Every structure is written in structure tokens, then in C-alpha cells.
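**Q** what follows is a predicted structure for the sequence shown.
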Amino acid sequence: SGSYRRQVPPHRIRRFRCLHCLVTFSSQTFSTTYYLKRPDILPKLMTMTVGSMANRQIADHLRVSPTTVDRQLARLGRHCLLFHEQVRRSLRPPAVIAVDGFESFELSQYHPFHFHLAVDNLSAVFLGFTDSPLRRKGRMTAYQKRRRAELEARWGRPDPHAVRKDVRELLEIVTKKAKQMIVRTDDHKVYPGIMRGLDCQITHLVTSSQERRDNRNPLWEINHLDMFIRHSCGGHKREGIAWPKRRGASALRLAVFMVWRNSVNQRWQKRCRGTPAMQAGLCDRPLTPCEVLKQRIFVSRIDLPERWQQYYWGEVRTPALGVNRRHELKYAT
């Protein structure tokens, strides 16, 4: 029913009218860059995010405001959550998975948290993740102990059972629709109890965390994933200055890494030139960031697991920060 012009390519955007309900829409309605003044940023943002660049470094390179990078990275993370769940629907339940996690922190070292990860042990597909807030532990000075007590008195102490509940949620997500599965883990004491009562019949195989972590280790795929996340995401490097300020934002950034790792990045640079998604039979070639962002995915059409809905809608709070906004934008994905 016509067109309109905008300042960035493509300059002419066609408009249409639904003959059933008479509502008008445009070709931009189904684009991931809907309502963006800088639609060129999103594909570049995916590559830079997994290239260990911090948000301010990205902003300097793209010549935009750091808040622009924050908003568009959140949009990219939400899209990647939907994209991953859309792809995961066509994935056969894996026969063998490995579960593990790594620690990071938000805002300061007084607010550590744990990412729980699951990977297909055969194809190396990154299946999903959850997170748990933790209490700071380890060796501390007398001042640090007093400071921890002050913060806990003000903001509350993290749930001591969070790891148990959140690993359980992860297993419920990745074992859904599977009748039986082999789960490999290290010797963390929390794993045996949480595997009881799942709908899937679990065979739990334990590998000592003291064993050499080379490619002969049964937990090689999950250990390699942990290492690759720290390598590719600047916020999780040890002794770095780009740590996450919000746990929810860190989860969305990990969702970007998850899609990039599965569908864009090759599993090995020398021996195996395919991506994990290709190894699992989900596609026949590596995707580009532009192909991942080719079409807008509507959250109303994708049944996200409950925990991932919390990441999508910004319901994971950082209590020590006064402002924790939910995602309620009308025109964004």
C-alpha cells in the first residue's frame, strides 16, 4: 500500500496492508533491525562480542555511544535465545551430554555467580545454560569479611540451594523428550541428588576433576567449552577489567556466544572444518552473522523454557544496583 523513505540503506521501505484485518505493516516488521537507526551494527556486534571486546571498546570502534551497544547487545542476545530454541526443536535428543560450569562475578568480587553449561558430548553442540548467584568464599582478609557481612545485611544472602535448583532446571531443559541419556559430570557432590526424579532415565558417569584435562578426558568437550568461553568473552577472563556489571546482561551475551559457537564457528580449525550444528545434522554449512540475523523471530511464537524467559524479559536482577529494568519495549524484539 505504498512505501516510506529512511536515512540508511535500503532507503525505500515498502508498506503493505493485510486484506483480512486491514492492519498496515512494512518489510521492516519482520527484520531484526526493526526500529533501529543503525541497522548495520548488529552483525558486527556478534563478531566483536565473541572476539573478547568489551562494550566500550566496541562503542569506540563503531563510533556510537556505549549505551547504544548495551541496548543492541541486549536485543542481539534476545534474538539468539529465540534462534537457539528454534534450532534446538529440530535437534534429536543427544545420547551423551556433559554438564559442568564456571564461576564469574557481577559488579564486584563480592557478587560471584556460577554458569551451568550442558554440551552434546558427540557433536559439541552447546545445548544450554542456567546461572546461580553465589556467596563469596575462599581466603579473605578481615576487612573483606566485614565488607561481605555489610553487603549481605543490606542486599540479602544468596540462596544456598541455588546451584542445586538451577542445575536441575538445566537438566530438565536438555533432557526434555529424551527417554534415556548418559550424563557425564565431575565429582561435584550436588549432581547425584538432582538427577533423581527426572522424566528421562539418567546414567550418571563421574570423572574426577583431578584427571588430566586433555582430549582423552571424558569431559573434554565441556572443559574445552569452559576454556573457549573465557577466551572469547572478555567479561570472564581471569584478572580482567571487563567483568559483567549485571548477571542478566552476561546471560544474554552468553546466548550470543552459544549461537555463534554452534552455527557460525568451526568446531576445529584444522581437523574438522564443520560447525557443531553441522556435526549434529542441523545444517550443511556454516552460517554467517547476517544469516543468523536474517529474519526477526517473535517471542510469542517460540515457547522458551521458563528460565530462559527470565533472561529474555530481563527478570534476573542485580540487587546491589538500584535500577533493574525489565524488557518491556513496544517496538523492539
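**A** That came through, no problem.

**Q** got a list of what the nearest residue to S90 once chain neighbours are set aside touches?
**A** In space, and not counting its chain neighbours, S90 is closest to L282: 6.4 Å by C-beta to C-beta, 6 or more residues apart in numbering. All C-beta spots, glycine's among them, are computed from the backbone N, C-alpha and C. Going by C-beta atoms under 8 Å, 6 or more residues apart in numbering, L282 touches V87, S90, L91, V125, S263.

**Q** got it, and I297?
**A** H79, L82, F83, Q86, T333.

**Q** verify the stated contact: G314 with L329.
**A** No - contact between G314 and L329 fails when scored by C-beta atoms under 8 Å: they sit 10.1 Å apart.

**Q** those two: which has the busier surroundings?
**A** Neighbour totals were compared for G314 and L329, and G314 leads with 18 against 12 (other C-beta atoms under 10 Å).

**Q** so where's the stretch 101-250 of the chain shaky on pLDDT?
**A** Across the stretch 101-250 of the chain, nothing is flagged by pLDDT under 70.

**Q** first-to-last residue distance for stretch 236-247?
**A** 12 Å (C-alpha to C-alpha, to the nearest Å).

**Q** ok, and the closest non-adjacent residue to Q180?
**A** Q201 (4.1 Å).

**Q** the one you found against T175, yeah?
**A** No - at 9.4 Å, Q201 does not count as touching T175 under the criterion of C-beta under 8 Å.

**Q** can you give me the helices in the stretch 151-300 of the chain?
**A** Along the stretch 151-300 of the chain, counting by DSSP state H, counting those that start in this stretch, helices occupy 162-174, 191-194, 220-232, 247-259, 276-279, 289-292.

**Q** out of those helices, which comes closest to L73?
**A** Among the helices of the stretch 151-300 of the chain, the nearest to L73 by C-beta to C-beta is helix 247-259 (6.6 Å).

**Q** so which bits of the closest one are buried?
**A** Neighbour-count burial for helix 247-259, counted by 16 or more other C-beta atoms under 10 Å, picks out 247-259.

**Q** overlap in contacts of Q201 and T175?
**A** Counting by C-beta under 8 Å, 6+ apart, the residues touching both Q201 and T175 are M181.
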